[in-house]
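[1] Can you look at this prediction? I've put the sequence above it.
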Amino acid sequence: MIPLCIRGLGRVALALIPPAARAGLGAVLYCIAFPAVLPGADFQALWAERVKCVVAVEYVTETEVERRPTVAMGTVIDVNGTIILQAGAVDPRAAIWQLKEFKVYLPGEATSTPGEYLGQDSFTGWHFVRAEPITRARVVPVTAFAAREGGRAPALADVIWGIGLRPKDEDFVPYFLKSHVALIQALPQLTGISQHEVAAPGLPVFDLAGVLVGLAGPAGGQTFLQISRNGRPTPTMLINVEESSAFLIASEVLPHLGRVPKAASGRPLAWLGAYGLEPMDREVAKFLNLTAQSGAVVSEVLEGSPAQLAGLKDRDIILALDGRPLPQLKPDRVVVSYIDREIERRAPGASFRLTVLRGTDRLELKATLGEQPKLVREAERKYFDRLGLTAREFVYGDAIERRVRAAEPAGVIAHFVKPSSPAAVAGLRQEDWIKEIDGADVRTFSAAVAKLAEIEKDAARPEFVMLVARGGETAVLRVKLK
């Protein structure tokens with residue numbers, strides 16, 4: 001027996017409502033709950049095969065004070081047992097070495113097998129995990145259900161369905177979801193939106209014949225007005241984290257399944273260094289006689305970046321890449337994501353042409369992509385339990401955020417502050433920039449770690465001071481250890 005339209009805790013299938021009560025719901029609601037054709041006996045075999053391409057992945061993030069388990073839904077993509085997870089499945093602040101004990105669960109089973117984390121692909125955003133041979137023998141790649149020779153993309157009002165998985169305490173039992181295609185839009189990837197939730201984030205979406213039509217992305221949210229007793233409405237955003245109504249069209253998924261990272265860090269990572277891109281304002285476009293042209297304004301060209309070496313300047317308007325005009329996308333801000341993806345699909349060392357508008361002059365610039373500077377998740381860090389803080393290496397992104405020269409890093413970042421610790425009581429906050437410790441400049445990570453280690457070991461020391469910067473302001477914090 002396959003459950004129909006059961007979507008989550010607290011939701012009841014219309015088929016389970018007593019006939020007398022169901023009659024009062026009206027024909028319109030009945031049609032919405034059970035759109036078009038219902039699965040029949042033949043669907044049982046089709047369902048049993050499609051469920052074999054989905055899994056649940058559990059892993060532990062080992063932080064300074066806890067081991068935090070996380071569960072994400074994944075889709076099997078090849079015969080090697082490679083699994084993809086959505087971008088949001090892993091905390092971007094977590095270091096690779098903090099991600100441990102990956103486990104793979106098959107739908108409806110309480111036991112797991114080990115998995116190996118392979119890294120994240122910057123272009124798709126997917127995280128890749130590989131299952132052991134014992135699991136590979138029991139799963140089917142989602143590509144087995146893809147249409148031959150491209151197939152037909154879903155159209156408006158098409159009936160589609162997908163798979164959800166119950167929580168771990170229910171052994172990840174799979175359940176059935178179904179909807180209609182309500183909208184297809186380039187965001188900038190071609191994305192389908194269904195009338196209501198159609199699959200768990202990260203799991204596949206199929207048509208009535210069981211052919212793959214897409215991969216569910218992160219769940220969107222709906223805004224409601226919550227009205228209190230005083231009658232004042234307050235906007236409230238509700239997000240379904242277990243199911244999604246948005247899905248990438250299969251043609252946006254299948255060509256990129258082979259982008260398995262070569263290293264857990266995800267490197268190599270391409271970098272241009274054009275910072276703070278913004279869509280060209282419509283009034284500006286009208287003034288420049290570019291109403292039929294999309295464009296992106298460069299807020300800042302980063303120091304020493306490939307963009308600077310290519311001759312790109314602040315306030316330049318990017319109009320084309322390699323001679324191809326930027327597409328007109330809705331909403332306008334999507335053009336920024338389009339440019340980012342065009343960079344991320346390339347590798348460091350790749351060259352391409354930028355057509356830019358500078359004032360009234362149209363220029364052709366040749367840019368050669370570089371290697372992305374060290375990211376926060378790659379930065380060195382050290383936890384000091386007695387003091388109650390984790391010092392993190394100052395990286396390129398910290399310099400950009402704090403508007404200082406990246407070539408002259410100074411100090412460390414408070415990556416973590418333990419609640420009720422001496423550092424927390426003194427007023428230190430996460431992301432504070434520590435520039436001095438006990439009056440000594442700590443211009444490098446190693447210098448800061450050596451100073452903090454010296455203080456931590458000195459059991460007789462009653463206190464120490466730190467000079468920190470936060471939001472453009474500087475303060476001296478006195479940390480009492482006794």
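    Ah, there it is. Residues are numbered from 1 along each chain as shown.
[2] could you say which helix or strand contains Leu46?
    According to DSSP states H and E, Leu46 maps onto helix 41-50.
[3] in its sheet, what does the helix or strand just after that helix sit against?
    Going down the chain from helix 41-50, the next helix or strand is strand 54-62, by DSSP H and E. With DSSP bridges as the test, strand 54-62 is paired with strand 67-76 (antiparallel), strand 99-105 (antiparallel).
[4] Alpha carbons only: can I get strand 54-62 in CSV?
    Provided in CSV are the C-alpha atoms of strand 54-62 (Å, rounded to 0.1, in the frame of the first residue of the first chain):
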residue,chain,number,x,y,z
VAL,A,54,17.5,7.9,-3.0
VAL,A,55,19.3,7.7,0.3
ALA,A,56,19.6,9.5,3.6
VAL,A,57,23.1,10.7,4.6
GLU,A,58,24.0,11.4,8.3
TYR,A,59,27.2,12.9,9.5
VAL,A,60,28.7,14.6,12.6
THR,A,61,30.1,18.1,12.8
GLU,A,62,32.6,18.1,15.6
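[5] still on that earlier bit, could the strands paired with strand 54-62 go into TSV alongside mean pLDDT, distance to Ala155 and mean neighbour count?
    (C-beta placed from N, C-alpha, C; glycine too.) Formatted as TSV, these follow (pLDDT from 0 to 100; distance: least, Cβ to Cβ, whole Å; neighbours: other Cβ atoms under 10 Å):
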stretch	mean pLDDT	distance to Ala155	mean neighbour count
strand 67-76	97	23	19
strand 99-105	97	35	19
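[6] how about the ones you listed in a markdown table, adding distance to Val213?
    Below are the strands paired with strand 54-62 laid out as a markdown table (distance: least, Cβ to Cβ, whole Å):
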| stretch | distance to Val213 |
| --- | --- |
| strand 67-76 | 13 |
| strand 99-105 | 25 |
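[7] if we can go back for a sec, I'd like to know which elements the helix holding Leu46 is packed against.
    The contact analysis (3 or more Cβ pairs under 8 Å, 6 or more residues apart in numbering; DSSP states H and E) places helix 41-50 against no helix or strand.
[8] what residues go with each domain of the chain?
    Domain assignment of the chain by automatic domain parsing yields the ranges 35-265, 270-371, 379-480.
[9] Parallel or antiparallel, which strands does the longest strand along the chain pair with?
    The strand that spans the most residues within the chain, counting by DSSP state E, is strand 174-186. Take DSSP bridges as the rule and strand 174-186 pairs in its sheet with strand 159-165 (antiparallel), strand 190-194 (antiparallel).
[10] Now do the buried residues in it.
    Pro174, Tyr175, Phe176, Leu177, Lys178, Ser179, His180, Val181, Ile184 (16 or more other Cβ atoms under 10 Å).
[11] between it and helix 41-50, how big is the angle?
    80 degrees (axes from the mean of the first three to the mean of the last three Cα atoms, to 10 degrees).
[12] Sketch out the low-pLDDT regions of the chain for me.
    Within the chain, the ranges that satisfy pLDDT under 70 run 1-41, 150, 221, 409.
[13] what about stretch 466-480, start to end distance?
    Start-to-end span of stretch 466-480 (Cα to Cα, to the nearest Å) is 11 Å.
[14] can you list the residues that contact that stretch?
    Applying Cβ atoms under 8 Å, 6 or more residues apart in numbering, the contact partners of stretch 466-480 are 387, 402, 414, 422-423, 425-429, 431-438, 462-465.
[15] Weed out the non-buried ones from those residues.
    387, 402, 414, 422-423, 426-428, 432-438, 464.
[16] From those residues, which land in strands?
    Ala414, Trp433, Ile434, Lys435, Glu436, Ile437, Phe464.
[17] JSON lines for these, including distance to Pro201?
    Output for those, formatted as JSON lines (distance: Cβ to Cβ, whole Å):
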{"residue": "Ala414", "distance to Pro201": "32"}
{"residue": "Trp433", "distance to Pro201": "35"}
{"residue": "Ile434", "distance to Pro201": "37"}
{"residue": "Lys435", "distance to Pro201": "41"}
{"residue": "Glu436", "distance to Pro201": "45"}
{"residue": "Ile437", "distance to Pro201": "43"}
{"residue": "Phe464", "distance to Pro201": "46"}
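[18] Determine which two of those are furthest apart.
    Trp433 and Phe464 (17.1 Å; Cβ to Cβ).
[19] my guess is Tyr117 contacts Val129, does it?
    Yes: the criterion here is Cβ atoms under 8 Å, and Tyr117 meets it with Val129 at 5.7 Å.
[20] Show me what counts as buried in the longest helix along the chain.
    Across the chain, the longest stretch assigned as helix under DSSP state H is helix 445-457. If you call a residue buried by 16+ other Cβ under 10 Å, then helix 445-457 has these buried ones: Phe445, Ala447, Ala448, Val449, Lys451, Leu452, Ile455.
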